[in-house]
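Q: pasting the sequence and the predicted coordinates here, then a few questions.
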Amino acid sequence: MTGADRDDRRYVELTTRSARLINAMAMVINLMIIASTWGDWQVFAIAAIGHTVVVFVNWYVSVALVPRYGARVDVARAVFNTCVCSALYQLIGWPLPVWFWLPFTALTFQEFGGRSSLVVLAIMCVVQGGAGLACGVAPLVPLAFVGLTVVCHVVARQRTAIIRQMLATSDRQRAELARAELELRQAQKLEAIGRLAAGVAHEINTPMQFIGDSLSFVRDGVGDLLGGPCDPTEVAYLRAQLPAAIARASDGVARVAATVRSLGRFANPGGVAAEVDVNAAIHDALVLATRDYELVADVALDLGTLPLVTCDGAAIRQVLHGLVTNAAQAIADTDARRGTIAVTSRRRRDGVSIAVADTGTGIAEAARAHIFDPFFTTKPVGRGSGQSLAAARAIVERHGGRITFVTEVGKGTTFEVFLPVGAVRAAA
């Protein structure tokens, strides 16, 4: 968009916003002109009918033409008003209120088409002033109002210059804020990737360790059995322990596979709407958050039978992962040795709900109104950026859902996410 197009769009916006006030002021001037002819009923009728037509034309221009064509239409409107009204004023005898139109126009339509504004306003003053003088109006009247019009024009241009400067400053600040927000999002993504990578590394390293230990035991045991005669007691021991070792190794492989599958679903590109099994998404979030809660809390699952939800699966998993992580941190802040994270899912009439409850510290009353505000956090420096819940609410609301919470200091907090089932689309 060019600078001229942007100025024209802003002109339309500002004119549209102030249209009611401008039209009301114009109506007052029209009523003053009509009222000044009271008593001479023929002149009164001409004034009333003529100004009714002018008011209708100006209303139509404001409503139908200015939004489509911008400031150029106001130039034509000003010329039309000046020519038609000057002819009308000759018929009604040039009452004093007719001269208020010039300063009014200078104040309300001073921009017109930018550089042409002063030219158009000068033409209006010459046409109306000359017509008045030709009809015998005292010279002091048009001269005084033309002078007032010039003053109003200067004031209006100064005001417009200040507004333009403010808009330019606002544009720069908006651009800087957009860049800062983009940089912040990139930093948050890197931070989230780092935490996720650490959690996945831990979750894979633990089963890989006992897979390795179990396979080493199996290797040594099989070597002993195949290497020669063994003591009956040793044979009985190996016969009892080898299947258990193989089972432990198989369990470790299954845990690694589950972690990789969960990570793969988290890594799917966002912004794509698909049918998602919400209960499976809960399991994925718990698998990847294991490192956050395994030392401080037990997980209690109570998952209902849910329909598939059309949504951005990666984004919803991000929300659930954040809620579980926050719950674990809330429990870690308590004096209790171990807490509980209860995750439930239920089908509702028009959607599904997922609740994540913890036995943590609860949310202080002063913080509850700000809990979803960006950058607001109650955690110590280095433990949170205040973006998790803000991002969660944005994602949920983007899907047409809602996120709410109930809390009690010293007893814990429950966050509930509601997602509608049908007609949900991921954000582009």
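A: The structure has been received and is ready for your questions.
Q: how about the helices in the stretch 301-428 of the chain?
A: Using DSSP state H, counting those that start in this stretch, the helices of the stretch 301-428 of the chain run over 313-332, 365-368, 388-398.
Q: tell me which residues in the last one are buried?
A: Residues of helix 388-398 classed as buried under the neighbour-count rule (16 or more other Cβ atoms under 10 Å) are Ser388, Leu389, Ala390, Ala391, Ala392, Arg393, Ala394, Ile395, Val396. Bear in mind the C-beta positions are built from the backbone N, C-alpha and C, glycine included.
Q: what helices or strands is that helix leaning on?
A: helix 313-332, strand 402-408, strand 412-420 (3 or more Cβ pairs under 8 Å, 6 or more residues apart in numbering; DSSP states H and E).
Q: for the helix or strand that Phe56 is a member of, the averaged confidence score.
A: Of the helices and strands defined by DSSP states H and E, Phe56 is found in helix 41-60. Mean per-residue pLDDT for helix 41-60: 84.
Q: any idea how far that helix is from the chain center?
A: Centre-to-centre, helix 41-60 and its host chain are 47 Å apart (Cα atoms, centre = their mean, to the nearest Å).
Q: tell me where the stretch 51-200 of the chain has strands.
A: Applying DSSP state E, counting those that start in this stretch to the stretch 51-200 of the chain gives no strands.
Q: would you map the helices across it?
A: In the stretch 51-200 of the chain, the segments counted as helices under DSSP H, counting those that start in this stretch are 66-69, 71-92, 101-108, 116-134, 140-227.
Q: pick the most deeply packed of the ones you listed.
A: Mean neighbour count (mean count of other Cβ atoms under 10 Å) peaks for helix 101-108 among these, with a mean of 21.
Q: angle of it against helix 116-134?
A: Orientation check (axes from the mean of the first three to the mean of the last three Cα atoms, to 10 degrees): helix 101-108 against helix 116-134 gives 170 degrees.
Q: now do helix 101-108: which elements does it pack against?
A: Helix 101-108 packs on helix 19-35, helix 71-92, helix 116-134, helix 140-227, going by 3+ Cβ pairs under 8 Å, 6+ apart.
Q: how does it look with 6 Å?
A: On a contact count with 3 or more Cβ pairs under 6 Å, 6 or more residues apart in numbering; DSSP states H and E, helix 101-108 meets helix 140-227.
Q: how far out from the middle of the chain is the helix it packs on?
A: From the chain centre to the centre of helix 140-227 is a distance of 13 Å (Cα atoms, centre = their mean).
Q: other SSEs contacting it?
A: So helix 140-227, by 3+ Cβ pairs under 6 Å, 6+ apart, packs with helix 101-108, helix 116-134, helix 232-267, helix 290-293.
Q: closest to Ala315 out of those helices?
A: helix 232-267 (10.3 Å; Cβ to Cβ).
Q: next, the angle helix 313-332 makes with the closest one.
A: Using the same axes, to 10 degrees: helix 232-267 against helix 313-332 is 120 degrees.
Q: what ranges of the stretch 151-300 of the chain fall below the confidence cut-off?
A: Along the stretch 151-300 of the chain, segments meeting pLDDT under 70 span 184-203, 228-230, 259, 261-272.
Q: nearest residue to Pro142 in space, ignoring adjacent ones along the chain?
A: Gly129 (3.9 Å; Cβ to Cβ, 6 or more residues apart in numbering).
Q: quick one: contacts for the residue nearest to Leu301 when sequence neighbours are not counted?
A: Excluding the flanking residues, the one nearest Leu301 by Cβ to Cβ, 6+ apart is Val343, at 5.5 Å. Counting by Cβ atoms under 6 Å, 6 or more residues apart in numbering, Val343 touches Ile282, Leu301, Val356.
Q: using a markdown table, lay out these together with neighbour count.
A: Output for the contacts of Val343, formatted as a markdown table (neighbours: other Cβ atoms under 10 Å):
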| residue | neighbour count |
| --- | --- |
| Ile282 | 24 |
| Leu301 | 13 |
| Val356 | 24 |
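Q: ok, so of the residues you listed, who is nearest Ser62?
A: Among the contacts of Val343, Val356 lies closest to Ser62 (Cβ to Cβ), at 53.7 Å.
Q: and the closest residue to the closest one other than its chain neighbours, how many neighbours does it have?
A: In this structure, Val356 finds its nearest non-sequential neighbour in Leu323, 4.2 Å apart by Cβ to Cβ, 6+ apart. Counted with other Cβ atoms under 10 Å, the neighbours of Leu323 add up to 30.
Q: format the helices of the stretch 301-428 of the chain as TSV; extra columns: mean pLDDT and distance to Phe415.
A: Shown next, in TSV, are the helices of the stretch 301-428 of the chain (pLDDT from 0 to 100; distance: least, Cβ to Cβ, whole Å):
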stretch	mean pLDDT	distance to Phe415
helix 313-332	88	5
helix 365-368	85	12
helix 388-398	84	8
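Q: including distance to Arg348, could these go into a markdown table?
A: A markdown table is the format used below for the helices of the stretch 301-428 of the chain (distance: least, Cβ to Cβ, whole Å):
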| stretch | distance to Arg348 |
| --- | --- |
| helix 313-332 | 16 |
| helix 365-368 | 24 |
| helix 388-398 | 14 |
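Q: show me the one of these that comes nearest Ser36.
A: helix 388-398 (57.7 Å).
Q: using PDB, write out every CA atom in that closest one.
A: Taking Å, rounded to 0.1, in the frame of the first residue of the first chain, the C-alpha atoms of helix 388-398 are listed here in PDB:
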ATOM      1  CA  SER A 388       2.600 -20.600  28.700                       C
ATOM      2  CA  LEU A 389      -1.000 -19.800  29.900                       C
ATOM      3  CA  ALA A 390      -1.300 -16.800  27.600                       C
ATOM      4  CA  ALA A 391      -0.400 -19.000  24.600                       C
ATOM      5  CA  ALA A 392      -2.700 -21.700  25.900                       C
ATOM      6  CA  ARG A 393      -5.700 -19.300  26.000                       C
ATOM      7  CA  ALA A 394      -4.900 -17.900  22.600                       C
ATOM      8  CA  ILE A 395      -4.800 -21.500  21.100                       C
ATOM      9  CA  VAL A 396      -8.000 -22.600  22.800                       C
ATOM     10  CA  GLU A 397      -9.900 -19.500  21.800                       C
ATOM     11  CA  ARG A 398      -8.600 -19.800  18.300                       C
END
